[in-house]
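J.: Have a look at this prediction, sequence included:
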Amino acid sequence: MKKEDCFYLGIITKPFGYKGELVCYFDVDDPTYYENLDSVLIELQTGLVPFLIESLRLNNHNAYIKLQDVKPEDSLLLIKKELFLPLQRLPKLTGNKFYFHEVIGFEVIDKSKGNIGKIDKIMDHPAQPIMQLIHSNGKEILIPVIDDIVLSVGRKNKQITIQAPEGLIDLYLE
């Protein structure tokens with residue numbers, strides 16, 4: 001499976017106990033959605049490798065995982081390795097919530113300016129994510145992805161309606 005067909009679930013942080021269990025940090029909003037995983041993809045030098053899960057227990061964002069057919073001494077080689085799952089395993093979002101990968105190519109409609117372009121990518125900055133749009137004239141427009149700006153997400157018509165702060169779009173188009 002290719003990495004671009006997957007999403008980042010978390011990372012293996014350290015061993016736990018002496019029977020080969022691993023502590024994994026799940027970097028997700030709701031770790032309980034993943035408490036019944038039967039397998040996980042681990043990024044090794046050869047690419048993403050599937051591993052069956054023998055047991056999994058959650059404690060907030062930490063998961064204690066025992067991988068099937070992995071000996072305790074071999075489990076130590078997996079420390080600091082990243083965990084992935086196929087995109088199909090993502091929970092479905094509704095309303096104004098969206099995954100960054102799913103809105104690439106969506107048209108962005110501003111309440112006062114109309115169609116301002118298509119989403120080229122979403123940059124995940126520490127302060128807030130930012131939509132990078134390409135206007136029909138080829139210019140780049142950057143719009144923060146925050147609840148006050150994103151008014152609606154139309155998955156069927158592939159449009160996001162926003163209300164950009166006054167003057168923000170003009171900065172890019174003038």
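T.: Okay, I see it.

J.: Now D27: closest residue in space, sequence neighbours ignored.
T.: Closest residue to D27 in three dimensions, ignoring its sequence neighbours and counting by Cβ to Cβ, 6 or more residues apart in numbering: G10, at 4.7 Å. The way it works is simple: take the backbone N, C-alpha and C, and place the C-beta from them, glycine included.

J.: buried ones in whichever strand or helix holds the one you found?
T.: Mapping G10 onto the secondary structure by DSSP states H and E places it in strand 6-16. Burial within strand 6-16, assessed by neighbour count using 16 or more other Cβ atoms under 10 Å, is assigned to C6, F7, L9, G10, I11, I12, P15, F16.

J.: Look up the pLDDT of the first one for me, please.
T.: By that I understand C6. pLDDT, the model's per-residue confidence, is 93 for C6.

J.: The closest residue to it other than its chain neighbours and S55: what is the separation?
T.: Closest residue in space to C6, ignoring its immediate chain neighbours: F84 at 4.1 Å, by Cβ to Cβ, 6+ apart. The gap separating F84 from S55 is 20 Å, by Cβ to Cβ, to the nearest Å.

J.: Same check on L151?
T.: Counting by Cβ to Cβ, the separation of L151 from S55 is 44 Å.

J.: more crowded one of those two?
T.: Under the neighbour definition other Cβ atoms under 10 Å, L151 and S55 were set side by side, and L151 has more, 14 against 11.

J.: In what element of secondary structure is that one found?
T.: Per DSSP H and E, L151 falls inside strand 150-154.

J.: Can you point out the buried residues in that strand?
T.: Going through strand 150-154 with 16+ other Cβ under 10 Å, the ones that come out buried are V150, V153.

J.: Stretch 120-138 too?
T.: I122, I130, M131, Q132, L133, H135.

J.: Setting aside sequence neighbours, what's the nearest residue to the third one?
T.: The shortest distance from M131 to any residue other than its chain neighbours is 4.5 Å, reached at I143 (Cβ to Cβ, 6+ apart).

J.: how deep is that neighbour tucked in, by neighbour count?
T.: Other residues near I143 come to 25 when the count uses other Cβ under 10 Å.

J.: Run the angle between the host helix or strand of Q132 and strand 150-154 for me.
T.: Mapping Q132 onto the secondary structure by DSSP H and E places it in strand 129-134. Interaxial angle of strand 129-134 relative to strand 150-154 (axes from the mean of the first three to the mean of the last three Cα atoms, to 10 degrees): 60 degrees.
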